[in-house]
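this one's structure only:
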């Protein structure tokens, strides 16, 4: 398992300062309230954050409606499975996370996760 490159990537990415714009880190870490796995054989996980991700940090294309709550991770990629693994660890341990998002259709897509 190649955890070290993911950890190094997270450490390098955290040196970038966050501002209130989509794609930046959430301003404060929050706990994960639930995780849903759905879809076909490729699958995806939906990571729901307590109180939601602040709307300023969700791209406008996927900000409106109920779907903005479902932060998506594709499980058919190495990166997606790594993000899912960190989310599951955070949920199980009751630890907060910060997310950075882009969009996939009308749902936020988790591009980065930071376990606090």
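Sure thing, it's come through. Remember, predicted model here, so these are calculated numbers, not experimental data. Residues are numbered from 1 along each chain as shown.

Buried ones in the helix or strand containing residue 79, by neighbour count?
According to DSSP states H and E, residue 79 maps onto helix 78-93. Applying a neighbour-count criterion of 16 or more other CB atoms under 10 Å, one finds 80, 82-87, 90-91 buried in helix 78-93. Every residue, glycine included, has its C-beta placed from N, CA and C.

ditto for stretch 30-50
Here stretch 30-50 shows 30, 32, 35, 44-47, 49 as buried, counting by 16+ other CB under 10 Å.

what's next to that stretch, contact-wise?
51, 53, 69-76, 80, 84, 87-88, 90-91, 94-99, 107, 110 (CB atoms under 8 Å, 6 or more residues apart in numbering).

for stretch 68-76, same thing?
So stretch 68-76 is contacted by 36-37, 39, 42-49, 52-53, 55, 58, 62, 80-81, 83-84, 87, 99, 101, 104, 107-110 (CB under 8 Å, 6+ apart).

roughly how far is it from the heart of the chain?
Offset of stretch 68-76 from its chain centre (CA atoms, centre = their mean, to the nearest Å): 7 Å.

still on that earlier bit, summarise which helices and strands the helix holding residue 79 is packed against.
Counting contacts by 3 or more CB pairs under 8 Å, 6 or more residues apart in numbering; DSSP states H and E, helix 78-93 packs against helix 3-13, strand 32-38, strand 44-49, strand 71-74, strand 97-104, strand 107-115.

roughly how far out does it sit from the chain middle?
Distance of helix 78-93 from its chain centroid, counting by CA atoms, centre = their mean, is 9 Å.

what angle sits between that helix and strand 32-38?
140 degrees (axes from the mean of the first three to the mean of the last three CA atoms, to 10 degrees).

average model confidence for helix 78-93?
Averaged across helix 78-93, the pLDDT comes to 97.
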